[in-house]
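Asker: Build me a structure from this.
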Amino acid sequence: MGKLIASAYEKLYRRPAPPYVREYSVWHVITIPLRKWLTNAVAANCPFNCIRILLYRICGFRIGKHTHIGMRCYLDDHCHKLIEIGDHVTISYGVFFTCHGHGQKHCPIRIEDGAYIGMRANLLSKNKNGSDRGIVIGKGAVVGACALVNCDVPEGATAVGVPCRILQKEVRDAENDE
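Answerer: The predicted structure follows:
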């Protein structure tokens, strides 16, 4: 079936089809725009968190219990299997998740239990050290508003800025002891 889709692509766009198109099934071609519409038009604009989470789960995203995802978030619909969100996570309004870019491999994003992602943060899964393992936001980590996260955030640490700077947990613990 992929050959038929590749042939249609080549006739429509008058250029060779990308290699991955030959691997697509008809079902895959049908579900891509449906998933994109459900995640970016319906779920992202739904005012009820429980329905929003249900729609994301129907689209294949792995989302833990008691998690809040704010409105207008963009979850990379092409890589729904690569985004994993743990339990008791809070993701604020307008957070952007991307698992790939032009000419990049698809890399995972994992947010562990109890993490907090601030408003309008951007999570880019291509690690800045060049590895293809993606990024991990550790347990209890905090990502500040408008931060650009392109590296791992350790457990209990805070990430702020563009690109993000990691503030270690020990610094916060020392301040709490005083």
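Asker: Which strand or helix spans the residue nearest in space to the middle of the chain?
Answerer: By Cα atoms, centre = their mean, the mean C-alpha position of the chain lies nearest to residue 97, the distance being 3.2 Å. Residue 97 belongs to strand 96-98 when assigned by DSSP states H and E.
Asker: which outside residues touch that strand?
Answerer: 73-76, 83, 109, 120-125 (Cβ atoms under 8 Å, 6 or more residues apart in numbering). To be clear about C-beta, it is placed using only N, CA and C from the backbone, and glycine gets the same treatment.
Asker: so where do the helices sit in this structure?
Answerer: Along the chain, the segments classed as helices by DSSP state H run 2-13, 26-37, 49-58, 169-177.
Asker: The nearest residue to residue 21 once chain neighbours are set aside: neighbour count?
Answerer: Excluding the flanking residues, the one nearest residue 21 by Cβ to Cβ, 6 or more residues apart in numbering is residue 6, at 5.0 Å. Residues within reach of residue 6, counting by other Cβ atoms under 10 Å, total 19.
Asker: re the thing from before, most packed of the helices of the chain?
Answerer: helix 49-58 (a mean of 16; mean count of other Cβ atoms under 10 Å).
Asker: Run through the residues that contact residue 112.
Answerer: 86, 136-139, 141, 155.
Asker: And those residues, which two are furthest apart?
Answerer: Greatest spatial distance in the contacts of residue 112: 86 and 155, 11.7 Å, computed using Cβ to Cβ.
Asker: Which of the two has more residues huddled nearby?
Answerer: It is residue 86, of residue 86 and residue 155, that has more neighbours when counted by other Cβ under 10 Å, with 19 against 16.
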